[in-house]
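Visitor: sequence first, then the predicted structure, then my questions.
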Amino acid sequence: MTEKLVIIGGVAGGATAAARARRLNEHADIILFERGEHTSFANCGLPYYIGNVIKKRNYLLVTTPEEFKKRYNIDIRTCSNVIAIDRKNKQVEVNNTKTGEVYRQDYNKIILSPGAEPIKPPIDGIESDRIFTLRNIPDTDRIKAFVDANMTESAVIVGGGFIGIEMAENLAHRGVKITILEMLDQVMAPMDFEMASIIHAHLKEKGVRLELENGVKGFKQNGNSLTVMTANGNTIECDMAILSIGVKPENKLAKDAGLTIGKRGGIKVDAYMKTSDPDILAAGDAVEVKDFVTGQPAMIPLAGPANKQGRITADNAMGRKSDFRGTLGTSIVKIFDLTAACTGLNEKILKQKNIPYQKSYTNSPSHATYYPGANSMSVKLLFAPENGRILGAQIIGVDGVDKRIDVIATAIYGSMTVYDLEALELAYAPPFSSAKDPVNMAGFVAANMLKGDVKTVFWNELDELDRDEFVLIDLRTKKEIEELGDIEGSIHIPIDNLREKMEELDRKKTYILYCAVGMRGYVGYRILSQNGFKAENLSGGYELYKYINNDK
């Protein structure tokens, strides 16, 4: 009997599954239902088309239904909304949205890839035609047409996640004045607060207004103007608003079919991407998968995992055993001149789950400083105190961030430790890196902490210190202090003068040493600690401290 595979939904998960299934089985009967007109499009590229960075709309179309059908001999049915799954009779009910026809289609196996939809809360004025969400090509067309036609001068972005940040940048490129309205105390929730502070400073530098710890209460349209009423009682006048509050899995079809839904609302699947019905598999943003580090259920809507899951569902649907080992949530975003990336767990989640951890901050040049164009790169590394196993990382810089986050993501996937980061042999030439790559440097600093070669204090602990017992020593040059400022109450001893000034120090005190980013602080710690003084190094140095305090 010819295998009949029905795939519900295209784009990352469904289209990948369809192509993979055909490559594995030339004779299977494969039908792909897609409710929209486009089987496969670059949804991650949508903001850049709106911003005129991607010039032509057809560049967003990975392939047309006609091209896809011709290459893979797949029955592509666009504008076809699957409205029900009859598991008992092994049929799906389909509504052709162009003709209104409703019909049934047999199946042997189903791959579900319905994706996730933007959250649109039920608040006053939400239906205004000046309020947009961004999920697909039609959404993109509406936003771009509005901006093109209305000489848009101002926009409010509700939500400071990936889409919100990308839309802020791309609309700003078009001369639109941007306000980001975010309920949390930071943008980019996968980042920890102190790392997000670096992003906040850059956004403000680019003219973006940040309204943090402030949500939207309602909207009111006044002719060609939109009033955004905020939770703190203020109002913001703008020409348009984009909702980027988050997404929720499209689980209705699965739920109505009686499939098991996880606590987070995603379709529950096993390691082989099989649902509670072994003949129905699922992939993409609608499924609940396993967090690679914790082994616990997670909802992480990203294109990379969705593509891999689509491939795995096709393998298993076609009789080839294949498993999904979990997701790290590795992600990256361009923010004007900065790049921000993360992988694994952040500090917030580690605390929530009571997982023991240590952290380190390093600041390294993207390549050799004597070669033109080197830029600073901030790295936060999270690791297990008992064995140094890497738990997560966050990196912000101008260039080279993608390379480093991918190395650390690979290290986490391989259950590697900070000691392995020390030892990694990574490509080096002056235009690309330093002999001690930023990844190596992160490993060196973390390993030093675990070996007891340095004691550290962190930015959030400074205010709690008893200044009668703890003394701050600024190891930077006089010029640096004059230009950049210092931490109130510090004494100033340049690192090169520390040995000759030691006898003036009180051995009963504990000295908190800091410099710009932590390197001279570490050297100062080694000098004082080996001469019988109590000392600690401020991790991340004055630069990180300044970002955070400017953000308060």
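Guide: Noted; the coordinates are in hand.

Visitor: tell me the mean pLDDT for stretch 187-198?
Guide: Averaged across stretch 187-198, pLDDT comes to 96.

Visitor: same check, this time on stretch 449-466
Guide: The average of the pLDDT scores along stretch 449-466 is 94.

Visitor: for it, buried residues please.
Guide: By neighbour count on 16 or more other Cβ atoms under 10 Å, the buried set for stretch 449-466 is 449-450, 454, 456-459, 462, 465. (Each C-beta comes from the backbone N, C-alpha and C, glycine too.)

Visitor: now do residue 259 against residue 536, distance only.
Guide: Here the criterion is Cβ to Cβ, to the nearest Å. By it, residue 259 lies 54 Å from residue 536.

Visitor: show me the contacts for the residue positioned nearest the centre of the chain.
Guide: The centre of the chain sits closest to residue 331, judged by Cα atoms, centre = their mean, with a distance of 4.1 Å. Each residue near residue 331 by Cβ atoms under 8 Å, 6 or more residues apart in numbering is listed here: 162, 190, 302, 341-343.

Visitor: neighbour-wise, give me the winner out of the residues you listed.
Guide: residue 343 (28 neighbours; other Cβ atoms under 10 Å).

Visitor: I'd like the next helix or strand past the helix or strand hosting that one.
Guide: Per DSSP states H and E: residue 343 is located in strand 338-344. Using DSSP H and E, the helix or strand that directly follows strand 338-344 along the chain is helix 347-352.

Visitor: that next one: which residues count as buried?
Guide: Buried, per 16+ other Cβ under 10 Å, within helix 347-352: 347, 349-350.

Visitor: sorry, back to before: for the residue nearest to the centre of the chain, give the beta-bridge partners.
Guide: For residue 331, the beta-bridge assignment (DSSP bridges) gives partners residue 342.

Visitor: from residue 91, how far out is it?
Guide: 38 Å.

Visitor: ok, now residue 452?
Guide: 66 Å.

Visitor: what about the nearest residue to residue 61 once chain neighbours are set aside, how many residues close to it?
Guide: Among residues not flanking residue 61 along the chain, residue 41 sits closest, at 5.4 Å (Cβ to Cβ, 6 or more residues apart in numbering). Per other Cβ under 10 Å, the neighbour tally for residue 41 reads 24.

Visitor: can you list contacts of the helix or strand residue 93 falls within?
Guide: Per DSSP H and E, residue 93 falls inside strand 91-96. For strand 91-96, contacts defined as Cβ under 8 Å, 6+ apart pick out 6, 8, 33, 77, 79-86, 101-107, 110.

Visitor: again, only this time at 6 Å
Guide: 6, 80-85, 102-106 (Cβ atoms under 6 Å, 6 or more residues apart in numbering).

Visitor: my read: residue 172 touches residue 178, true?
Guide: Yes - using Cβ atoms under 6 Å, residue 172 is in contact with residue 178, at 5.3 Å.

Visitor: these two: which is more packed in?
Guide: residue 178 (23 against 18).

Visitor: hang on, that one in a strand?
Guide: Yes - counting by DSSP: H, G, I helix; E, B strand; the rest coil, residue 178 is found in a strand.

Visitor: any idea how far residue 230 is from it?
Guide: Going from residue 178 to residue 230 by Cβ to Cβ gives 15 Å.

Visitor: picking that back up, can you add secondary structure and distance to residue 267 and give the buried residues of stretch 449-466 back as JSON lines?
Guide: Converted to JSON lines, the buried residues of stretch 449-466 look like this (DSSP: H, G, I helix; E, B strand; the rest coil; distance: Cβ to Cβ, whole Å):
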{"residue": "449", "secondary structure": "helix", "distance to residue 267": "41"}
{"residue": "450", "secondary structure": "helix", "distance to residue 267": "40"}
{"residue": "454", "secondary structure": "coil", "distance to residue 267": "47"}
{"residue": "456", "secondary structure": "strand", "distance to residue 267": "43"}
{"residue": "457", "secondary structure": "strand", "distance to residue 267": "45"}
{"residue": "458", "secondary structure": "coil", "distance to residue 267": "40"}
{"residue": "459", "secondary structure": "helix", "distance to residue 267": "41"}
{"residue": "462", "secondary structure": "helix", "distance to residue 267": "46"}
{"residue": "465", "secondary structure": "coil", "distance to residue 267": "49"}
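
Visitor: between these, which is closest to residue 120?
Guide: Comparing the buried residues of stretch 449-466 against residue 120 with Cβ to Cβ places residue 459 closest, at 37.3 Å.

Visitor: now do the contacts for the closest one.
Guide: Residue 459 neighbours (Cβ under 6 Å, 6+ apart): 544-545, 548.

Visitor: give me that answer again for 7 Å
Guide: Residue 459 is in contact with 194, 540, 544-545, 548, counting by Cβ atoms under 7 Å, 6 or more residues apart in numbering.

Visitor: of those, which belong to helices?
Guide: Residues of the contacts of residue 459 located in helices (DSSP state H): 194, 544-545, 548.

Visitor: now these in CSV, please, with extra columns for neighbour count and distance to residue 23.
Guide: CSV is the format used below for the ones in helices among the contacts of residue 459 (neighbours: other Cβ atoms under 10 Å; distance: Cβ to Cβ, whole Å):
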residue, neighbour count, distance to residue 23
194, 23, 46
544, 25, 49
545, 21, 54
548, 19, 51
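
Visitor: need the max-distance pair from those residues.
Guide: By the measure Cβ to Cβ, those have their two most distant members at 194 and 545, which lie 9.0 Å apart.

Visitor: going by neighbour count, which of the contacts of strand 91-96 comes out on top?
Guide: Going by other Cβ under 10 Å, residue 6 tops the contacts of strand 91-96 with 27 neighbours.

Visitor: list every C-alpha atom in stretch 235-255, with coordinates, as CSV.
Guide: Extracted in CSV, the C-alpha atoms of stretch 235-255 (Å, rounded to 0.1, in the frame of the first residue of the first chain):
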residue,chain,number,x,y,z
THR,A,235,-0.2,58.4,26.9
ILE,A,236,1.9,58.1,23.8
GLU,A,237,0.9,59.7,20.5
CYS,A,238,2.0,57.9,17.3
ASP,A,239,1.0,57.0,13.7
MET,A,240,1.0,53.3,14.2
ALA,A,241,1.7,50.5,16.7
ILE,A,242,3.1,47.0,16.3
LEU,A,243,2.3,44.3,18.8
SER,A,244,5.3,42.1,19.6
ILE,A,245,4.1,40.8,22.9
GLY,A,246,5.0,37.2,22.2
VAL,A,247,3.4,34.2,20.5
LYS,A,248,1.2,31.3,21.5
PRO,A,249,1.2,27.8,20.0
GLU,A,250,-1.7,27.1,17.5
ASN,A,251,-3.0,24.1,19.3
LYS,A,252,-6.7,24.1,18.6
LEU,A,253,-6.6,21.5,15.8
ALA,A,254,-4.5,19.2,18.0
LYS,A,255,-6.7,19.8,21.1
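
Visitor: average pLDDT across that stretch?
Guide: Stretch 235-255 comes out at a mean pLDDT of 94.
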